[in-house]
Each structure stands twice: as structure tokens, then as C-alpha cells.
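In: any chance you can model this:
(2 chains)
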Amino acid sequence: MVTNSLPEKNAPGASLKPDSPEQSMGAALVALQQRQRYIHSVKVTIVWLVLVAVLIGGLLLIRFQPSYMLEHYNIILQGAGATLGVSLASIAIATVLALFGSVARLSSSAIAQGISGFYVSVLRGTPLLIQIFIIYLGLPQIGTQLIRFGYPEVGRLFIMDAIPAGILALSLNYGAYMTEIFRAGLQSIGYGQREAAIALGMTPWQVLRRIILPQAIRIIIPDVGNQFIAMQKDSALVSVMGVWEITYLATRYAKKDSKYMEMFILAAAAYWILTIVSSWFQNRIEKRMSRAYER
Amino acid sequence: MNAEPIVRISNLHKWFGMLHVLRDISLSVQPREVVCIIGRSGSGKSTMLRCINFLEEPSDGEIEIYGLKIPAGGKGKEHNRLVHEARLMTGMVFQEFNLFPHKTVLENVIEAPIIVKGMSRPNAIQLAEEKLDSVGLLFKKDEYPVRLSGGQKQRVAIARALTMEPKVMLFDEPTSALDPELIGEVLNVMKKLAKDGTTMLVVTHEMGFAREVADRVVVMADGEIVEAEKPEELFSHPKDPRTQALIDRYRTGGG
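Out: Numbering: from 1, shown residues only, chains lettered A, B, ... in the order given. The predicted structure follows:
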């Protein structure tokens, strides 16, 4: 029995007394389309399952040990906490950076425009891995010089632990990309909105906070979600500093027990599940934000 | 009419780069007066209206609103304060409505009274509901703008401007973006406002409305005021050939 959300009367086979021939035709057509869509999604699911089965089959052929994975999944789970924590902190800071960056980029001040343009250009133009190295290994060099010159308080700020350094690098890097996303979002709000708000006597700050931002956020949110999903995977790079996140832990055990395939598949699966969960939340937020726009 | 004018525009000029779009405009609007501004597109009528609340910065001349004089070309804090005052005394209705789509009808209307004037929320709601009722849309107060027709959107926009209790209402082609069958409901609201003694400046293509409601009709062409007359005088005895051409065009166009 095909489950569809149509009223009883229109369910296939139940439409014995249609109100009019056209109506019954329409209902039949809708039911047919729904059934086709349903069958299609079942087919797609089957393809997914077949692909997973092929992968698992292939792995088992090369003396792959699922039992090792089962014994060590809790290690990856520990790492998932760090991965998620670093990503959440970084996306939050990056969002704030992007907000200021985009407003500065759209402002009429040459200083604000210059700073924000320079920031975006440098951070987008260099690899994240290099940025991590500069922050984690390069900045302490400045720090030790400052301490030697007699500014120990300032100098110590430049010497960071791995986790703060990782969060800083990810925030700065993603903040630059998201500055462009925010800029496009802010610019997409029609000039009429700004004019109407100004004519009502709002200050530029009120216009931004009450009128432009709330509308822009709806456009920005899907992209921020995508950035967050991408960042969860890019956070693997902080493993180079020895942060105990998914990739670092997977590498450690893989080397120790020579179980590379097992541990990296496990790590990959952990990232994949994180992504699926994040996408689900992203979807929900998007739906909620578009409520005002449903006819 | 010897009362102090609500709006006095003196020797107003506006340049867009090399383009001289307003050439020495002077116009006064008395309390309770309804002035309709007609003219072809590009005649400068919208620009003139937008100079009154400084959505366009005038290039030269002076705008005076309710005794508050603001010279053109000002800069800095003091100028911004004057402009802010001017915007509080003017309510504007746009061709494209410009309702805030992320807010309900009621939220659209109470937004500025609360955050600009600092009115308490209950007071703002009471006032907003009064104004929404006067445009006949109180029953839509919890809807989002996307669910309203164009005519309804414009009526909400009028209520939104009225809730700020301005001294003068500025209408910038309020019916030009509407389907023909929706124009009437907006014009009716405006007629009611006029009858209640609202001071209004209306840029419009609706000759019928101008003829029926206006106390004075101003004809603009090439950035200048060509004529400013009582409607019966202007429509029956146009003095300037450009006025004649404008009236003929609408008559033959069925407008």
C-alpha cells in the first residue's frame, strides 16, 4: 500500500464517487505522480545500499577486520567531540568576523574597506595548512622576541596551545570566505528596504540590525551551513598540531597496530555521520527561517 | 491661506553628476493642503519629492519642514540631526511598497514607533491597530506581506507611515506598481486621508485622482515647475503647451 498524504477520497482505488470528471482526473494524476516519486526514491536508496555492500565486500576481500573497528569506535568517538568542538567554536568566531568584514567591505570608509579587503585577500590566497603553521609555530617566534624586549604579557599572547591555535586559524580562514558570503547576502537585500527604513527615521545601525541583517541571514544561512560542513573536514588539519581529534587519533592507532584501512574508514565514517547530522539541522533551520515567505 | 506652510522648498537644485535634474524649484505646501505633482517620467517629480526627506541630498537651495530649515549640502552631526528631524515629520509611501517581508503586518507598523520614537510596545500596538483599521486591514495584522495583494501591501505601507504621526505625507507614485483593478482601493484610502485633513504631496499619473482630490496640481517638465494651479483651472485652461500635451496624452491614453 502506497502511503500518501492525500485525503481518503483521492487515494487510488478509493475514488468511487468523484465530484466531477476533471477533479477525479486531477486526483488520479497527483496520485500517479506521488507514486512515481516514491518509487524513484526507493530505487535511489537501493543504489546506495548496493554501493555500500560493494565497498564492504571489497574490504572483506583484503583481510579487513571489522572486529578491530568495533573495538576502537569509542576512540574515534572521543575525537569526534574535539572535532565538533573546534568546528563549532571556529564557525561562531568566523561568523562574527564575516559580519564585521562584510559590513566594513560595504562601508564608505577607506580604512574599513582597506582592512577588510586585505584580510580577505591574504586569508583566501594562502593555504589553511600554512596558516595553521604560521599561527602555531611562527607566532611564538614573535612572542619570544616580545618577551625578550620586556613585554611578557603581550608576548605570551603569541604563544598558543594547539587547540586555541587551531580555532584561531580555522576562524580567520573561514571568516575570510564567509565575509564574501555575507557581503553578497547583504547586497541582495533591495535598496527599497533601506530607503523605507531610513524614511521612517531609522539610523544606519538600526537599518542594518532590524531590517537588512534579519533578511540577509535567511539568504546566508544555507551557505554558512555548507561552510560548517566543510570546516568539520578541514579541522582534520589541526591534527598536525597533535590535537586529539578524529584524524589524529585514527592516525595514532593506525600506525600503532598497522590497521590503516580499519581506522581511516572508521574516521571517514565519523566525519560522514557528522555531516549527515549537520545537514539535517541545517535543513530544519532553513525551513524555519523561510516561514515568513510561504504564501 | 496665510498659515505657516508645512513644507517650503526654496530654490532647490539637484545635479546627478553633469545632469541638472531639478532647476530652481520653489514650492510651498499649506497645512491640510493636498498637492498633486504630475509630469512625464524623467521630469524630476520623484527626485523633488525625495529631496524633501533627504533620500536624495539636494545640491542647492533649502528645504523647510514645519519651521525647521535645512540648507542643501550640509554635512556633519548637526546636519544629520536636522535630516533625522525632517524624516520624523514626513511619512513616505513608495511605488514598490517596501514592506519588510520578514515582519508581520503589525510588526511592520509598530517597528519604527518603538525603535525610532521609543514608544512603549502596548501604545505602539494600539496606535498601529487604529491606523490599520483606518486602511481597512486590521484583520490582516498577523499575516506576512507575501500573503497580501499589491493593493493591500500599499495600504499597510500607508498605515506604517501614518503610525509615525508625520506632519506631511509624501506619496511617490503609490499606484504605479499596481494591477489596474487594485488601484481603486489605494486611491480610496488616500481620498479618505485627504478628507480628514492630512497634508499630502502626491507624485502621480492618476489624473482623475488629481482632478478630484488635489487642492493644487503642480506640473513638472525638464526639472522645472511649469504650472501650479487649482485642478479645475489647470485641466480646463492649461497655460503652458507642455501641460496641454500632458493632459492630452492621458485623455487619449484613457488614463
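In: and the pLDDT at the residue most central in space within chain B?
Out: Among the residues of chain B, the one closest to the centroid is B:Leu170, at 1.7 Å (CA atoms, centre = their mean). Looking at B:Leu170, its pLDDT stands at 98.
In: tell me which element it falls in.
Out: strand B:168-172 (DSSP states H and E).
In: part of a helix, is B:Ala177?
Out: No - counting by DSSP: H, G, I helix; E, B strand; the rest coil, B:Ala177 falls outside a helix, being coil.
In: which strand or helix spans residue 244?
Out: This is for chain A. Going by DSSP H and E, A:Trp244 is not part of any helix or strand.
In: not what I meant, chain B
Out: helix B:241-252.
In: what's the answer for B:Ala124, then?
Out: Using DSSP H and E, B:Ala124 sits within helix B:121-134.
In: that helix packs against which elements?
Out: Secondary-structure packing of helix B:121-134 (3 or more CB pairs under 8 Å, 6 or more residues apart in numbering or on different chains; DSSP states H and E): helix B:105-115, helix B:150-162. Where C-beta positions appear, they are placed from N, C-alpha and C, glycine not excepted.
In: mind checking how far the lowest-mean-pLDDT helix or strand in chain B is from the chain centre?
Out: Taking mean pLDDT, DSSP states H and E as the measure, chain B has helix B:241-252 as its least confident helix or strand, at a mean of 85. Chain-centre distance of helix B:241-252: 23 Å, with CA atoms, centre = their mean, to the nearest Å.
In: contacts for that helix, please.
Out: Residues outside helix B:241-252 that contact it (CB atoms under 8 Å, 6 or more residues apart in numbering or on different chains) are B:38-40, B:205, B:207, B:219, B:221, B:226-227, B:234-235, B:238, B:255.
In: sort those residues by pLDDT and name the bottom one.
Out: Lowest pLDDT among the contacts of helix B:241-252: B:Gly255, 44.
In: ok, A:Ile132 touching A:Val243?
Out: No - in this structure, A:Ile132 is not within contact of A:Val243 by CB atoms under 8 Å, at 10.3 Å.
In: spit out the residues that contact the two alike.
Out: Taking CB under 8 Å, 6+ apart as the criterion, A:Ile132 and A:Val243 both touch A:Gly166.
In: if we can go back for a sec, contacting residues around the helix holding B:Ala124?
Out: B:105-106, B:109-110, B:113-114, B:119, B:138, B:140-141, B:156, B:159, B:162-163, B:165, B:189, B:192.
In: could you rerun that using 7 Å?
Out: Residues outside helix B:121-134 that contact it (CB atoms under 7 Å, 6 or more residues apart in numbering or on different chains): B:105-106, B:109-110, B:113-114, B:138, B:141, B:159, B:162-163.
In: which parts of that helix are buried?
Out: By neighbour count on 16 or more other CB atoms under 10 Å in any protein chain shown, the buried set for helix B:121-134 is B:124-125, B:127-129, B:131-132, B:134.
In: could you dump those to CSV with pLDDT?
Out: CSV is the format used below for the buried residues of helix B:121-134 (pLDDT from 0 to 100):
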residue, pLDDT
B:Ala124, 97
B:Ile125, 98
B:Leu127, 97
B:Ala128, 98
B:Glu129, 97
B:Lys131, 97
B:Leu132, 98
B:Ser134, 96
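In: and the longest helix seen in chain B, what does it pack against?
Out: For chain B, the longest helix by residue count, based on DSSP state H, is helix B:180-195. Helices and strands touching helix B:180-195, as assessed by 3 or more CB pairs under 7 Å, 6 or more residues apart in numbering or on different chains; DSSP states H and E, comprise helix B:150-162, helix B:207-213.
In: most packed of the ones you listed?
Out: Per residue and on average, the most neighbours among the helices and strands packed on helix B:180-195 fall to helix B:150-162, with a mean of 25 (mean count of other CB atoms under 10 Å in any protein chain shown).
In: same question for that helix, mean pLDDT?
Out: 98.
In: same thing with stretch A:218-237?
Out: The average pLDDT for stretch A:218-237 rounds to 93.
In: contacts for it next, please.
Out: For stretch A:218-237, the external contacting residues (CB under 7 Å, 6+ apart) are A:83, A:86-87, A:90-91, A:95, A:128-129, A:132, A:170, A:174, A:177-178, A:181-182, A:185, A:188, A:245-247, A:271, A:274-275, A:278-279, A:282, A:285-286, A:289-290.
In: could you list the contact residues of chain B toward chain A?
Out: Residues of chain B lying close to chain A by CB under 7 Å from any CB of the partner chain are B:53, B:55, B:84, B:87-88, B:92, B:94, B:96, B:98, B:100-102, B:111-112, B:115-116, B:144, B:146-147, B:164.
In: and these, which are buried?
Out: For those, buried by 16+ other CB under 10 Å: B:53, B:55, B:87-88, B:92, B:94, B:96, B:98, B:100-102, B:111-112, B:115-116, B:144, B:164.
In: in the helix holding B:Gln244, what counts as buried?
Out: So for helix B:241-252, counting by 16+ other CB under 10 Å, buried means B:242-243, B:246-247, B:250.
In: coming back round to it: need the helices and strands packed on helix B:121-134 in TSV (columns: distance to B:Val21).
Out: Converted to TSV, the helices and strands packed on helix B:121-134 look like this (distance: least, CB to CB, whole Å):
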stretch	distance to B:Val21
helix B:105-115	29
helix B:150-162	25
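In: which residues touch the nearest residue to A:Leu123 once chain neighbours are set aside?
Out: Sequence neighbours aside, A:Ala176 is the residue nearest to A:Leu123 in space, at 3.5 Å (criterion: CB to CB, 6 or more residues apart in numbering or on different chains). Residues near A:Ala176 by CB under 7 Å, 6+ apart: A:119-120, A:123-124.
In: now the residues you listed in JSON lines, with secondary structure, neighbour count and pLDDT?
Out: Formatted as JSON lines, those follow (DSSP: H, G, I helix; E, B strand; the rest coil; neighbours: other CB atoms under 10 Å in any protein chain shown; pLDDT from 0 to 100):
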{"residue": "A:Tyr119", "secondary structure": "helix", "neighbour count": "19", "pLDDT": "97"}
{"residue": "A:Val120", "secondary structure": "helix", "neighbour count": "22", "pLDDT": "96"}
{"residue": "A:Leu123", "secondary structure": "helix", "neighbour count": "20", "pLDDT": "97"}
{"residue": "A:Arg124", "secondary structure": "helix", "neighbour count": "12", "pLDDT": "96"}
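In: tell me which element the residue positioned nearest the centre of chain A is part of?
Out: Closest residue to the average C-alpha location of chain A: A:Phe228 at 2.0 Å, with CA atoms, centre = their mean. Assigned by DSSP H and E, A:Phe228 falls within helix A:213-234.
In: next, the buried residues of the helix or strand following that helix.
Out: Sequence-wise, the next helix or strand downstream of helix A:213-234 (DSSP H and E) is helix A:246-257. Across helix A:246-257, burial judged by 16+ other CB under 10 Å covers A:246-254.
In: who wins for proximity to B:Gly61 among the helices and strands packed on helix B:121-134?
Out: The minimum distance between B:Gly61 and the helices and strands packed on helix B:121-134 falls on helix B:150-162, with 24.8 Å, by CB to CB.
In: picking that back up, how many degrees apart are the strand holding B:Leu170 and helix B:150-162 in direction?
Out: On the basis of axes from the mean of the first three to the mean of the last three CA atoms, to 10 degrees, strand B:168-172 is oriented at 150 degrees to helix B:150-162.
In: near chain B, which residues of the stretch 151-295 of chain A? Just list them.
Out: Taking CB under 7 Å from any CB as the contact definition, the stretch 151-295 of chain A meets chain B at A:192-193, A:195-196, A:198-202, A:206, A:210-211, A:214-215, A:292-293, A:295.
In: if I look at A:Gly85, how far off is B:Gly61?
Out: Counting by CB to CB, to the nearest Å, the gap from A:Gly85 to B:Gly61 is 61 Å.
In: looking at those two, which one has more neighbours?
Out: When A:Gly85 and B:Gly61 are compared for neighbours, B:Gly61 comes out ahead with 19 against 15, by other CB atoms under 10 Å in any protein chain shown.
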